[in-house]
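[1] model the following, please.
(2 chains)
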Amino acid sequence: MTSNKLFNILVPVISVFIGLISGAIIMLAFGYNPIEGYAALWEGAFGDMYFVGETIRQVTPYILTGLAVAFAFRTGLFNIGAEGQVIVGWLAAIWVGITFDLPMYLHLPFAVVIAALAGAVWGFIPGLLKARLGVHEVIVTIMLNYVALYSSNALIRSVLSDNQDKTEKISSSASLASEWLQNLTFFSRMHYGILIALFAAVLMWFIIERTSIGYELKSVGYNKHASKYAGMNVSRNIVLAMVISGAFAGLAGSMEGLGTYGNMSVSSGFTNLGFDGIAVALLGANTAIGVILAAFLFGALKVGALNMPTEAGVPNELVDIIIALIIFFVASSYIIRWVLLRFKKGEK
Amino acid sequence: MDYVVEMLNIRKEFPGIVANDDITIQLKKGEIHALLGENGAGKSTLMNVLFGLYQPEKGEIRVKGKPVNMTDPNVANDHGIGMVHQHFMLVEPFTVTQNIILGTEPTAMGKIDLRKAEKEVQELSNKYGLKVDAKAKIQDISVGMQQRVEILKTLYRGADVLIFDEPTAVLTPQEIIELMQIMKSLIAEGKSIILITHKLKEIMQICDRCTVIRKGKGIGTVNVEGTSVNELASLMVGRDVSFKTKKTPAQPKQTVLKIDNLHVKDSRKVDMVKGLNLELRAGEIVGIAGVDGNGQSELIEAITGLKKAQKGSIELNGKAITNLSPRKVTESGVGHIPQDRHKFGLVLDFPIGENIVLQTYYKKPYSKYKVLNYKEIYDKAEKLIKEYDVRTPSVYTKARALSGGNQQKAIISREVDRSPDLLIAAQPTRGLDVGAIEFIHQKLIEERDKGRAILLVSFELDEILDVSDRIAVVFDGEIVANVKPEETNEQKLGLLMAGSSEEKVGVVDDLE
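    Numbers count the residues shown, from 1 in each chain, chains lettered A, B, ... in the order given. Predicted coordinates:
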C-alpha cells in the first residue's frame, strides 16, 4: 500500500523533472540559455504579487476542469467534453450576470449554480446516450464541444448582444472579482473563484471516497456486471457520473465569465481549459489533491511562459513544447514505473 | 531409465517465499504423468521454470538425458515441449488454421500459403481424432473444440511432450470423456503428457504416475496403480480428507421458491428456459443437473432479476418476485453465489473489505445519510474473513490479488452472512481444490440445516450427487426429471441430462 502511494507521487514528479530537463535541452539546441529561460519562467509565475495573483487566476479553472476529467476517469468514463462544458457554463453564467437584477448574495450564487447546471446538462447528453444506446462518450463529447463552441458564438451575436463580437459586462452583483484581492496583487485579475475551486476539490474527494454514491459510481466504473448483480442501477450511475463531471467543468466556465473576464467573446477556437484539464487530471493521478497540485503546475507554467519572450528571448511556443513533454512523460509513466521497479529489484 | 523430460531438485525463490523447494519430476516416454497440488502449491511456477519464464535458483532440467538451459519459451519449443493453456490463447475472429500457424506462417513467395496450412492442420486433426474443422472460426466453435485447437497448435509445432494445465476445468462431462480419449490416442502415437490438475478422479482414470507437491515442496511420485483417491488427497493436502460430505437427511419445511411455467430468452433472443417448473422447500438442497447451455444460467438470472422472464411466475415465500429489480430480489431474501465470480461476484479493483458490502453498502450501519462508515465496513469484513478463513494479507487488499479459492470464500461469506431464505449457488466450487471444496460443501449443508432453501447448480455430477437432497435434471430449458441422489448414479444422470426419458433410463438400469 505505502509503496504504491509513494509510486503515485514519484511518477508524476519524475515526469515533470524529465519534462523540464528535455525542455532545457531543446532550449540549448535552439541557442537559448535554459537557466535564463527557466529563471524568467519562475519570475513570470511567482516574481511578485501581480504574477502570483495571475497564476492563481489561471490555476482556478484548471482545478475545476481537472476535477471534471478526474471524476469521470474514476468512474470509468473519459470526458473529453470538458471543453464544451466550460463554454456552456461560461455562457450561462454571463447570461445570468447580464439579464437578472438581484442583490449580490442571490445573484452570484445563482449565476454560479446555473453555470454548473449548464455544464451538467452538457454532460447529461453523452451520459444518457452511453447508458441507453451504448454510444461511446468520447465521440459524443468531442462533437458536443463543437456544438457548444459554435452555438455559443451564435448566441453571443444574436441574443446576448446586438450583433457584436462580445457580450456586455456582467453586473457587479454577479461578479467574483474582488478589489481587495486586486489591490493585494498589484491589480492582477485574481478573484474569489479559487475558493470555489478548492471547495469543489474537497467535494469531489468527499463524493468519491466517502459516500455511498461514490462507491456506486466507482463500482459501476470498474465492473458493470458485478454492479448490476449487486442491485445498482448501472444506467443511472453512468448518467450521474457524466452530470457531476459536467457540472465541475461548467463551474470552470463560470470562473472565466464571472471572475476573470466579466463577459464572453465570440471565439474562433477552443479555450483549451477543458483539454488541459485532461492533462491536469492525468498528472494528478485522478485524485482531488493531485489535481490541485497539477493545476498549480500548469497555471504557473502558462502564466510564467508569458514572461519568457520578453525577459529571456525564448519564444512562447517552447513553453508549450515543455508542457507537452511533461504530459508525454506522464502518459508514458509506464516506462518510469518500470525503471523504478527495476531499481527496487536491484536493491533486494 | 528412458526419461524424455526431467526436472531435478528444482528450487525457485521469490522475495519472501520459496515457491518451489526441491521438486523433482521425471516424465517417461509414452506416459501420462499427473502433477498434483492444491491451488497455490507451486504447480504453475514449476511449469514456468520448465518453459524458461523463470530461472531456478537450484536444480537441473534435462531433455532426453541431456542438460538444457531453458532461457526462454522458444528453447522449450525447440526441444519439443508444448503447453495447452487453461486460458486459451486464441484470436477469436480468426479461423482454426490461422490461429495454429500464427507466428510460424508457411509462406510462398511472401504470401501466406493458407491452403497448404489448412491441409496440414486437417491431416493432423484426423490423425489424432481431434475432429477439428480447419476452416471454422474460433468464435463459432465450442469451448471443448477450442481446447483441441490448442492441442493441435502444440502438435503442429512438433511437440512430443504436451503439458495440459487444468484442461478439464472448462469442459462439460461429455467433453472430458472425449478429451481423455484424445490423450490416450496421443500416447498411442508416442507422445508424452504432463497433466496438471487437482482433480483426483481424473488422475485415477487416466494417469500412469503422479507427482505430488504441497506448499512448494516435492512430496514424491507414486504409481497410480496401487494408490487410491484417499491416499492422493491426503498426500496433496497433508491430512485426511473426507469426500462424502457428512450430512443428516434433510427435513424440508414450507415452500420457499415456486417457479411456474417460466420462459426466458438469452441475449440473442433465443428461448432458453421453456416452461420450467420447480419447487424448493426450506431446509433442503436441490441440485440442478444438466449439461451447460440447457437454460441453467438463464434460470438463475431470471430468479435474481438480472434477466426478464417472458412468461411464467416466480414466487418467494408466497410473494411474486417475477421481474423485480436485482436489488428488490436481494432485499426480499435471495443470496446468489454467481457462476462467474470475476464477472459478477466481485469488483476486482475494490479492496476485499468493500466487496463484502457489495449489496449492503447503502444500508445502516455501513452508511448513513449516504456517507460510508468505513470502520463498520472493515470491522464486518475482518469478522467474516476470520470466520470463513479467507486468506488475504489484509481486508484492504484488492480482491484481484486473492487466489480463486479465497475469492470464492469471500463471496460465500458475503452471501451466506446476509442469511437469505433462498441461496443460489452456481458452480460454487469450480476450479477449487479439495480442501476448499470440502469447506464450501460443509457451509452449504450448515445453511440447509439452519432452514434455508438452497439451489445448487453444477456441471460436476459428483458435487450434485454428494451435496443435494433432491436432484432436478434440466434439459433444453425444462426440468425433465426429479430424482433422489441415493436412487441414481452418474450414468443414469448422464442419460437424463442428454434428454432420455426417465422410463428409458429405468430400462437401461434393468439391462445392467
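[2] please name the nearest non-neighbouring residue to the residue nearest to the spatial centre of chain A.
    Of all residues in chain A, the one closest to the mean position by Cα atoms, centre = their mean is A:Thr65, 2.4 Å from it. Spatially, and ignoring its direct neighbours in sequence, A:Thr65 is nearest to A:Gly277 (2.8 Å; Cβ to Cβ, 6 or more residues apart in numbering or on different chains). Every residue, glycine included, has its C-beta placed from N, CA and C.
[3] so for the helix or strand encompassing B:Val286, mean pLDDT?
    Under the criterion of DSSP states H and E, B:Val286 resides in strand B:285-289. Strand B:285-289 comes out with an average pLDDT of 95.
[4] which residues sit against the following helix or strand past it?
    On the C-terminal side of strand B:285-289, the closest following helix or strand by DSSP H and E is helix B:296-303. Under the contact criterion Cβ atoms under 8 Å, 6 or more residues apart in numbering or on different chains, helix B:296-303 has outside partners B:257, B:259, B:262, B:264-266, B:272-273, B:276, B:288, B:290, B:306-309, B:314, B:321, B:329, B:334, B:336, B:338-339, B:422, B:424, B:426, B:455, B:457, B:474, B:477.
[5] what is the burial count for the residue in the stretch 151-300 of chain A positioned nearest to chain B?
    The stretch 151-300 of chain A approaches chain B most closely through A:Gly231 (2.9 Å), counting by Cβ to the nearest Cβ. Neighbour count for A:Gly231, taken as other Cβ atoms under 10 Å in any protein chain shown: 20.
[6] show the contacting residues for it.
    Under the criterion of Cβ under 8 Å, 6+ apart, the contact partners of A:Gly231 comprise B:Ser325, B:Pro326, B:Arg327, B:Lys328, B:Val329, B:Thr330, B:Glu331, B:Gln359.
[7] right, and B:Tyr156 touches B:Leu124 too?
    Yes - B:Tyr156 is in contact with B:Leu124 according to Cβ atoms under 8 Å; the separation is 6.1 Å.
[8] just give me the neighbour total for B:Val241.
    If you count neighbours by other Cβ under 10 Å, B:Val241 ends up with 18.
[9] surely it forms part of a helix?
    No - the assignment for B:Val241 by DSSP: H, G, I helix; E, B strand; the rest coil gives coil, which leaves it out of any helix.
[10] output the lowest mean pLDDT helix or strand found in chain A.
    Least confident helix or strand of chain A, by mean pLDDT, DSSP states H and E, is helix A:333-347 with a mean of 68.
[11] adjacent strands (with direction) for the strand holding B:Val286?
    When pairing is defined by DSSP bridges, strand B:285-289 lines up against strand B:453-458 (parallel), strand B:470-475 (parallel).
[12] residues of the first one that come out buried?
    Spelled out, it's strand B:453-458. Residues of strand B:453-458 classed as buried under the neighbour-count rule (16 or more other Cβ atoms under 10 Å in any protein chain shown) are B:Ala453, B:Ile454, B:Leu455, B:Leu456, B:Val457, B:Ser458.
[13] and the contacts of it?
    Strand B:453-458 is contacted from outside by B:256-257, B:280-289, B:296, B:299-300, B:303, B:339, B:421-429, B:444, B:447-448, B:463-464, B:467-468, using Cβ under 8 Å, 6+ apart.
[14] and the residue of the stretch 51-200 of chain A nearest chain B?
    A:Gly76 (10.1 Å).
[15] spit out the contact partners of that residue.
    A:Gly76 makes contacts with A:Val220, A:Gly221, A:Tyr222, A:Ala241, as judged by Cβ under 8 Å, 6+ apart.
[16] name the SS class of it, please.
    Using three-state DSSP, the structure places A:Gly76 in coil.
[17] tell me, what's the model's pLDDT at it?
    In this prediction, A:Gly76 carries a pLDDT score of 92.
[18] also B:Gly110?
    In this model, B:Gly110 is scored at 81, pLDDT.
[19] any stretches of the chain with poor pLDDT?
    The chain I'm using is chain A. Counting by pLDDT under 70, the ranges of chain A that qualify are A:1-4, A:334, A:344-348.
[20] switch to chain B, please.
    Judged by pLDDT under 70, chain B has its weakly predicted residues at B:1, B:242-243, B:501-512.
[21] interface residues of it facing chain A?
    Contacts of chain B with chain A, taken as Cβ under 8 Å from any Cβ of the partner chain, map to B:15, B:304, B:306, B:325-331, B:336, B:338, B:343-350, B:354, B:358-359, B:361-362, B:366-367, B:370-372, B:396.
[22] in strands, which of those residues appear?
    Residues of the residues of chain B next to chain A located in strands (DSSP state E): B:His336, B:Ser367, B:Val371, B:Leu372.
[23] export the residues you listed to a markdown table and append columns for neighbour count.
    Supplementary listing: those in a markdown table, determined by neighbours: other Cβ atoms under 10 Å in any protein chain shown:
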| residue | neighbour count |
| --- | --- |
| B:His336 | 28 |
| B:Ser367 | 22 |
| B:Val371 | 12 |
| B:Leu372 | 21 |
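[24] closest one of the residues you listed to A:Val113?
    Within the set of those, B:Val371 lies nearest A:Val113; the separation is 23.0 Å, counting by Cβ to Cβ.
[25] list the helices and strands the longest helix that chain A contains packs on?
    Secondary structure of chain A read by DSSP state H shows that its longest helix is helix A:104-133. In this structure, helix A:104-133 makes packing contacts with helix A:82-99, helix A:137-158, helix A:234-254, judged by 3 or more Cβ pairs under 8 Å, 6 or more residues apart in numbering or on different chains; DSSP states H and E.
[26] reformat those as JSON lines; add distance to B:Ala117 and mean neighbour count.
    Converted to JSON lines, those look like this (distance: least, Cβ to Cβ, whole Å; neighbours: other Cβ atoms under 10 Å in any protein chain shown):
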{"stretch": "helix A:82-99", "distance to B:Ala117": "50", "mean neighbour count": "29"}
{"stretch": "helix A:137-158", "distance to B:Ala117": "39", "mean neighbour count": "18"}
{"stretch": "helix A:234-254", "distance to B:Ala117": "44", "mean neighbour count": "28"}
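[27] of those, which is nearest B:Lys66?
    B:Lys66 lies closest to helix A:137-158 among the helices and strands packed on helix A:104-133, at 55.8 Å (Cβ to Cβ).
[28] after the closest one, which helix or strand is next? Please name it.
    If you walk from helix A:137-158 toward the C-terminus, the next helix or strand you reach (DSSP H and E) is helix A:179-184.
[29] then that following helix to CSV, C-alphas only?
    Presented in CSV, the C-alpha positions along helix A:179-184 are these (Å, rounded to 0.1, in the frame of the first residue of the first chain):
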residue,chain,number,x,y,z
GLU,A,179,-11.0,44.9,-5.3
TRP,A,180,-9.3,43.7,-2.2
LEU,A,181,-7.6,40.8,-3.9
GLN,A,182,-6.7,43.0,-6.9
ASN,A,183,-5.1,45.6,-4.6
LEU,A,184,-3.3,42.9,-2.8
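[30] residues in contact with B:Gln407?
    If a contact means Cβ under 8 Å, 6+ apart, then B:Gln407 has B:Arg341, B:His342, B:Gly345, B:Leu346, B:Ala399 as its contacts.
[31] now do 10 Å
    Remark: with contacts taken as Cβ atoms under 10 Å, 6 or more residues apart in numbering or on different chains, B:Gln407 is in contact with B:341-342, B:345-346, B:348, B:352, B:355, B:390, B:392, B:399-401, B:432.
[32] same check on A:Leu10?
    Taking Cβ under 10 Å, 6+ apart as the criterion, A:Leu10 is in contact with A:Ser3, A:Ser333, A:Ile336, A:Arg337, A:Leu340.
[33] which of those residues count as buried?
    Of all these considered here, the ones buried according to neighbour count by 16+ other Cβ under 10 Å are A:Ser333, A:Ile336, A:Leu340.
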